[in-house]
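Participant: any chance you can model this:
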Amino acid sequence: MRKIIFISAFICVITIQINGQGLSENDTLVTVKSQLRDLDDDTPVRYAHILNPGLGIGTTSDSLGFFTIYMKRNDSILVTAIGYLNTHFSLPTFWPSNQYSEKIYIRKQMYLIEGVSVQSLGSYQQFKQKVLNARPPKSPADQATEYVHTIATKEAVEWSSVRVGINFSMKTKEEKSLKKLQEVMNEEDKIRIIESKFNKRNVGELTNLKGEELEEFMEYCNLPEEFLLSASEYDILDTVKRMYRTYWKRKKQD
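Facilitator: Numbering: from 1, shown residues only. Next up is the predicted model:
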């Protein structure tokens, strides 16, 4: 009987030691010193964003694709780069070391654009320019809005041409309506330009936020309209990334 009790106690001690060791290994930070590479042509992916939502930290790859970040063994880091699919990276099962230095490969994102016609007498530069000028097809909603604007402009022009009497410098009702229509169209063009660079999809992929929390963060950014219109998509997302760090720290303190 004493022998059985001794064996049972010994097994319990061994189990507690193994479980305690497993917990400590999961909490151990692993230093990831890696390089991002293109899966297709094996070229470095520079200026990508690497985020660890679990620890609330992030970094950016340099001009050669190298970066350093910390993660727990059960963490998953998010890699985002313009022109590439979002990639989630986790350590291989039972990774023996506290440092990971293998390369990480990500895949390009494919974009569908309209076809271009190539003339037999055209040069390569002409073909290249046509491809660069090709735009993705418009959505039905954009097509309907453009149609309404076209009809409204046509009607305004026809009305402005039917005028009788002396031409004064004072604006007619039709001219005022046409000017007002142009202002509305210009404002909508601004909104389209801003939304193409600063939208829920881009910000959500960069920060991994969703729903009401994503909307709250975008309101927190409060970026000036002139900056959103003139800055490139990369500059805007880089600014958003830096603001997200401050936002995350404030949320943790609250």
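Participant: distance check, Gly58 against Thr87.
Facilitator: Relative to Thr87, Gly58 is positioned 14 Å away (criterion: C-beta to C-beta, to the nearest Å). Every C-beta, even on glycine, is put in place using the N, C-alpha and C of the backbone.
Participant: which one's more surrounded, these two?
Facilitator: Neighbours per residue, other C-beta atoms under 10 Å: of Gly58 and Thr87, the larger number sits with Gly58, 22 against 19.
Participant: the more buried one reaches Phe67, doesn't it?
Facilitator: No: at 9.9 Å, Gly58 and Phe67 do not qualify as touching, with contact defined as C-beta atoms under 8 Å.
Participant: need the overlap of contacts for those two.
Facilitator: Among the neighbours of Gly58, those also in contact with Phe67 (C-beta atoms under 8 Å, 6 or more residues apart in numbering) are Ile50.
Participant: setting aside sequence neighbours, what's the nearest residue to Asn98?
Facilitator: With C-beta to C-beta, 6 or more residues apart in numbering as the measure, Val30 is the residue that lies nearest to Asn98, at 5.4 Å, once sequence neighbours are left out.
Participant: which of the three states applies to Arg242?
Facilitator: helix (DSSP: H, G, I helix; E, B strand; the rest coil).
Participant: residue ranges of each domain in this protein, please.
Facilitator: As given by automatic domain parsing, the domain ranges for the chain are 28-106, 139-162+170-253.
Participant: among those domains, which is the most enclosed?
Facilitator: Mean neighbour counts were compared across these using mean count of other C-beta atoms under 10 Å; the top stretch is domain 28-106, at a mean of 16.
Participant: so how far does that domain reach from one end to the other?
Facilitator: Between the opening and closing residues of domain 28-106 there is a gap of 26 Å (C-alpha to C-alpha, to the nearest Å).
Participant: so where's the chain shaky on pLDDT?
Facilitator: Residue ranges of the chain with pLDDT under 70: 1-26, 112-124, 127-128, 130-145, 147-149, 151-175, 177.
Participant: about what we covered before: can you put the domains of the chain in a markdown table and add distance to Gln126?
Facilitator: Compiled in a markdown table, the domains of the chain are given as follows (distance: least, C-beta to C-beta, whole Å):
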| stretch | distance to Gln126 |
| --- | --- |
| domain 28-106 | 25 |
| domain 139-162+170-253 | 26 |
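Participant: mind checking which of the ones you listed is nearest Gln125?
Facilitator: With respect to Gln125, and counting by C-beta to C-beta, the nearest of the domains of the chain is domain 28-106 at 23.0 Å.
Participant: would you map the helices across the chain?
Facilitator: Applying DSSP state H to the chain gives helices spanning 2-27, 124-133, 140-161, 173-197, 200-207, 211-221, 225-230, 233-253.
Participant: quick one: residues contacting Gln35.
Facilitator: 44, 61, 64-67, 103-104.
Participant: nearest to Asn52, of these?
Facilitator: Minimum separation from Asn52 among those (C-beta to C-beta) is found for Phe67, which lies at 11.4 Å.
Participant: contacts only, for that closest one.
Facilitator: Taking C-beta under 8 Å, 6+ apart, one finds 32-36, 48, 50, 59-61 in contact with Phe67.
Participant: would you turn those residues into a markdown table with distance to Ser232?
Facilitator: Supplementary listing: the contacts of Phe67 in a markdown table, determined by distance: C-beta to C-beta, whole Å:
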| residue | distance to Ser232 |
| --- | --- |
| Val32 | 28 |
| Lys33 | 29 |
| Ser34 | 27 |
| Gln35 | 25 |
| Leu36 | 21 |
| Ala48 | 16 |
| Ile50 | 20 |
| Thr59 | 21 |
| Thr60 | 16 |
| Ser61 | 18 |
